[in-house]
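Q: this one's structure only:
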């Protein structure tokens, strides 16, 4: 694998390289034809976070373009992490988006497979999946390290047969990540896929939602055993749950989001479920940030921005 240094153009990367814990919030762009709700939400979180993680039609459901949302956020002073999925575009569209992201000043990206359309609001939409997630990762990596738009085809030119690979004028500086599901850790399929993504060029992992701190600890130990921990920054996702009903929904509908029964019971039995969700999340985040191997915390916004702000205030994450 080509030597690669994370891009210091990214304030998020600089903080990680300094060994400081990062705090990000994952939001889904709104179903809106204006920027107001997006920017209002982002502004309420800005004092406490290092970047906003912008999903790409999460759950296979239509929302504002995350490229447009990211451009709006950048124009208003926010650092972003752009998610790109393999579901909705072929390799031409994905490479075009990578170049566009670089031109917008986006350095941080997460490559994801994307949920099947059957899971979303247009179940008859045709899935693309022209590239696998590790192939999208490799494409972004080659753009960064080799300054090329890779191609595996040839063309006939006056000077002879030439590759369709093109050089990039002012190549991007991508810090590339992937989503990982800790509940899968330890089996051979999981290990093979993650090693493939690391070999393709990822430098950070963002986990699926984790509400069991001891489970995260075991996950980090497995990464260490696999020889992966020293090559990756690990960001653990969590979120303040607002009710027992919503917790059960997340557990049953968000793949890989395991919520222990005792956590659901605490929220169900609480006089104020919202406050209890904030309390549980705060307790877990405080424990996670002290855990060796955890480089950052990602809080997933599920229409609970006020609860997320409360958690961040409690843990003293204000960047001021």
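A: Sure, I can see it. Model, not experiment: these values are computed from the prediction.
Q: need the residues that contact the longest helix seen in the chain.
A: Longest helix in the chain by number of residues (criterion: DSSP state H): helix 273-289. Applying CB atoms under 8 Å, 6 or more residues apart in numbering, the contact partners of helix 273-289 are 21, 211, 213, 216, 236, 238-244, 247, 263, 266-267, 270, 294, 297, 299, 304, 307, 310-311, 314-315. No exception for glycine: its C-beta is placed from N, CA and C like everyone else's.
Q: tell me what the following helix or strand past it is packed against?
A: Per DSSP states H and E, helix 273-289 leads on to strand 296-300 as the next helix or strand towards the C-terminus. If contacts are counted by 3 or more CB pairs under 8 Å, 6 or more residues apart in numbering; DSSP states H and E, strand 296-300 sits against strand 22-27, strand 204-209, strand 233-238, helix 273-289, helix 305-314.
Q: could I get those as JSON lines with mean pLDDT, distance to residue 111 and mean neighbour count?
A: Below are the helices and strands packed on strand 296-300 laid out as JSON lines (pLDDT from 0 to 100; distance: least, CB to CB, whole Å; neighbours: other CB atoms under 10 Å):
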{"stretch": "strand 22-27", "mean pLDDT": "96", "distance to residue 111": "15", "mean neighbour count": "24"}
{"stretch": "strand 204-209", "mean pLDDT": "96", "distance to residue 111": "11", "mean neighbour count": "22"}
{"stretch": "strand 233-238", "mean pLDDT": "97", "distance to residue 111": "15", "mean neighbour count": "23"}
{"stretch": "helix 273-289", "mean pLDDT": "96", "distance to residue 111": "24", "mean neighbour count": "19"}
{"stretch": "helix 305-314", "mean pLDDT": "92", "distance to residue 111": "25", "mean neighbour count": "20"}
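Q: so for stretch 67-74, what gets flagged as buried?
A: By neighbour count on 16 or more other CB atoms under 10 Å, the buried set for stretch 67-74 is 67, 69-74.
Q: average pLDDT across that stretch?
A: On average, the pLDDT along stretch 67-74 is 98.
Q: coming back round to it: and which of the buried residues of stretch 67-74 is nearest residue 82?
A: Of all the buried residues of stretch 67-74, residue 70 has the smallest distance to residue 82: 5.3 Å, by CB to CB.
Q: can you tell me the SS state at that closest one?
A: helix (DSSP: H, G, I helix; E, B strand; the rest coil).
Q: shouldn't it be in contact with residue 83?
A: No: the pair residue 70 / residue 83 is not scored as a contact, 9.6 Å apart, by CB atoms under 8 Å.
Q: okay, and the common contacts of the two?
A: Shared contacts of residue 70 and residue 83 (CB under 8 Å, 6+ apart): residue 54.
Q: to residue 90, which of the helices and strands packed on strand 296-300 lies closest?
A: Proximity to residue 90, assessed across these by CB to CB, is greatest for strand 204-209 (24.8 Å).
Q: name the helices or strands packed onto that closest one?
A: Packed against strand 204-209 by the contact rule (3+ CB pairs under 8 Å, 6+ apart) you find strand 175-180, strand 233-238, strand 296-300.
Q: which one, of the ones you listed, ends up nearest to residue 157?
A: Per CB to CB, nearest to residue 157 of these: strand 175-180, 31.9 Å.
Q: list the buried residues in the helix or strand just after that closest one.
A: Moving toward the C-terminus from strand 175-180, the first helix or strand encountered (DSSP H and E) is helix 188-200. Across helix 188-200, burial judged by 16+ other CB under 10 Å covers 190-191, 193-194, 196-198, 200.
Q: relative to residue 157, which of those residues is nearest.
A: Of all the buried residues of helix 188-200, residue 157 sits closest to residue 200, with 29.7 Å by CB to CB.
Q: got the contact list for residue 264?
A: Counting by CB under 8 Å, 6+ apart, residue 264 makes contact with 244, 247-248, 251.
Q: residue 11: which of those residues is nearest?
A: Within those, the smallest distance to residue 11 is 33.4 Å, found for residue 247 (CB to CB).
Q: one step back: can you check what angle separates the longest helix of the chain from strand 233-238?
A: In terms of direction (axes from the mean of the first three to the mean of the last three CA atoms, to 10 degrees), helix 273-289 departs from strand 233-238 by 160 degrees.
Q: could you check the angle helix 273-289 makes with strand 22-27?
A: When the same axes, to 10 degrees is applied, the directions of helix 273-289 and strand 22-27 differ by 140 degrees.
Q: off-centre distance for the helix or strand hosting residue 214?
A: Per DSSP H and E: residue 214 is located in helix 213-225. Distance, stretch centre to chain centre, for helix 213-225: 19 Å (CA atoms, centre = their mean, to the nearest Å).
Q: can you check stretch 102-115 too?
A: 9 Å.
Q: from residue 164, how far out is the most far-flung residue of the chain relative to its centre?
A: Distance to the chain centre peaks in the chain at residue 158, reaching 44.6 Å (criterion: CA atoms, centre = their mean). Per CB to CB, to the nearest Å, residue 158 is found 16 Å from residue 164.
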